[in-house]
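Novice: Generate a structure from the sequence data that follows.
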Amino acid sequence: MRVELTEMLWLEEHELSSSELAAISGLTPELLEELVSSGAVSPIDPSVPEPRFGAAALRTALTARRLCTDFELDTPALLLALGLLDRIDALEARLRLLRAKLPGLR
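Specialist: Down below sits the predicted model:
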């Protein structure tokens, strides 16, 4: 699935239900519920009874589906992989920030 820029802009302004997120990402509703309950996929407002999801949740759900499809991961391995990818993203963001503060650092 190729996501166009206009689609991503639309998602930044709109919210998806659990069923919409499952359908767009290709995850089963059961697996999506496991990802939500584990904290790997976060709703916009966890306190509401009917959770709604934004673009960040869609990105994680699409990544989860690709990992499951490409590597045939079970749920615990999928959660570990998603956690490690999040950690890598956080470290890369910190590195970009440091490089911005110290332009000579490469």
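Novice: what stretches of the chain score poorly on pLDDT?
Specialist: 1-13, 105-106 (pLDDT under 70).
Novice: at 80 what do you get?
Specialist: Residue ranges of the chain with pLDDT under 80: 1-13, 103-106.
Novice: starting at the chain centroid, how far to the biggest helix by length in it?
Specialist: Identified as the longest helix of the chain according to DSSP state H is helix 75-101. Chain-centre distance of helix 75-101: 12 Å, with CA atoms, centre = their mean, to the nearest Å.
Novice: can you check stretch 37-52 too?
Specialist: Going by CA atoms, centre = their mean, where stretch 37-52 is centred and where its chain is centred differ by 12 Å.
Novice: so what's the residue minimising distance to the centre of the chain up against?
Specialist: Of all residues in the chain, the one closest to the mean position by CA atoms, centre = their mean is residue 60, 1.6 Å from it. With contact set as CB atoms under 8 Å, 6 or more residues apart in numbering, residue 60 has these partners: 35, 40, 41, 82. The way it works is simple: take the backbone N, C-alpha and C, and place the C-beta from them, glycine included.
Novice: By neighbour count, which of these wins?
Specialist: The residue in these with the most neighbours, by other CB atoms under 10 Å, is residue 41 (27 neighbours).
Novice: which SS class is it?
Specialist: Put simply, residue 41 is coil when judged by DSSP: H, G, I helix; E, B strand; the rest coil.
Novice: Pull the contacting residues for it.
Specialist: Applying CB under 8 Å, 6+ apart, the residues near residue 41 are 21, 32, 35, 53, 57, 60, 61, 64.
Novice: Please list the members of those residues that lie in strands.
Specialist: Among the contacts of residue 41, the ones falling in strands (DSSP state E) are residue 53.
Novice: With distance to residue 95 added, can I get the contacts of residue 41 in CSV?
Specialist: Shown next, in CSV, are these (distance: CB to CB, whole Å):
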residue, distance to residue 95
21, 30
32, 31
35, 27
53, 28
57, 25
60, 21
61, 26
64, 25
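Novice: ok, the residue lying closest to residue 82 once chain neighbours are set aside - contacts?
Specialist: Distances taken as CB to CB, 6 or more residues apart in numbering put residue 40 closest to residue 82, at 4.8 Å, once the chain neighbours are dropped. Residue 40 makes contact with 60, 64, 78, 79, 82, 83, according to CB under 8 Å, 6+ apart.
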